[in-house]
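K.L.:
Just the structure for this:
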Amino acid sequence: MAEEFDPNTESSASSAAFTGGGRTVKECQDMIRKSLQTPMVKFLREHLEKAGCGIGENFIKAVNCDILVSGGYTRGEGIIVCANHIDIPDEVNQVVIHELIHAYDDCRAANLDWMNCAHHACSEIRAGHLSGDCHYKRELLRGYVKIRGHEQDCVRRRVMNSVTANPYCSEAAARDAMEAVWDICYNDTKPFDRAP
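P.N.:
Modelled structure (predicted):
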């Protein structure tokens, strides 16, 4: 998610709701291959192509990560999925979708600056809202049982987790940035017609 994502250092990446023992890199790579065949991932890849940012064979890679994140996106390098923090194919698919939304944002916004807290927050808002990260069932599995407003609360929580991990964004700067861009970014559903 951040331009300088390194799986072995603190930086901004998809938060892990990790509880199991993880998978091997090979098992995770197999799950990534299956994820590439799902309708949502195919849709996002197609729209990346249309936006002029086709992704190659090695754009999405399984790796072992030293910090507790599920994955991340780095401009010019692609997406990593943290095999040792993933247990099931659905988790891999969620990471791939979330990170593809960041790749799409990076592609369509020529001046996107991952060190800018507002830019980072906007892409996190969009990825959290559009990827299904905050679906009611996922929230229940994480132990959050709020009935009304759970999706926006979840997106806000996950945005803060990611943006505060950005070394250029203090907690106050992350919160201010998130609030400043919330309405426009939450309602920006591109490349979808509406939030899935």
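
K.L.:
Going by C-alpha atoms from here, please, whenever you check contacts or count neighbours.
P.N.:
Fine.

K.L.:
which element is the residue positioned nearest the centre of the chain on?
P.N.:
Nearest to the geometric centre of the chain sits residue 98, at 3.4 Å (CA atoms, centre = their mean). In the assignment (DSSP states H and E), residue 98 maps to helix 89-108.

K.L.:
Next, the angle helix 89-108 makes with the helix or strand that comes right after that helix.
P.N.:
Per DSSP H and E, the first helix or strand lying C-terminal to helix 89-108 is helix 117-131. For helix 117-131 against helix 89-108, the angle by axes from the mean of the first three to the mean of the last three CA atoms, to 10 degrees is 130 degrees.

K.L.:
Residue 79 bridge partners, please.
P.N.:
Beta-bridge partners for residue 79, by DSSP bridges, are residue 60, residue 73.

K.L.:
hang on, isn't it packed against residue 57?
P.N.:
No. In this structure residue 79 lies outside contact range of residue 57 using CA atoms under 8 Å: 11.4 Å.

K.L.:
neighbour count winner among the two?
P.N.:
Neighbours were counted for residue 79 and for residue 57 using other CA atoms under 10 Å; residue 79 has more, 25 against 6.

K.L.:
contacting residues around that one?
P.N.:
By CA atoms under 8 Å, 6 or more residues apart in numbering, the residues touching residue 79 are 59, 60, 61, 71, 72, 73, 96, 99, 100.

K.L.:
among these, who's most crowded?
P.N.:
residue 71 (34 neighbours).

K.L.:
Find the nearest non-adjacent residue to it, please.
P.N.:
Take residue 71 and drop its neighbours on the chain: the residue closest to it by CA to CA, 6 or more residues apart in numbering is residue 81, 4.3 Å away.
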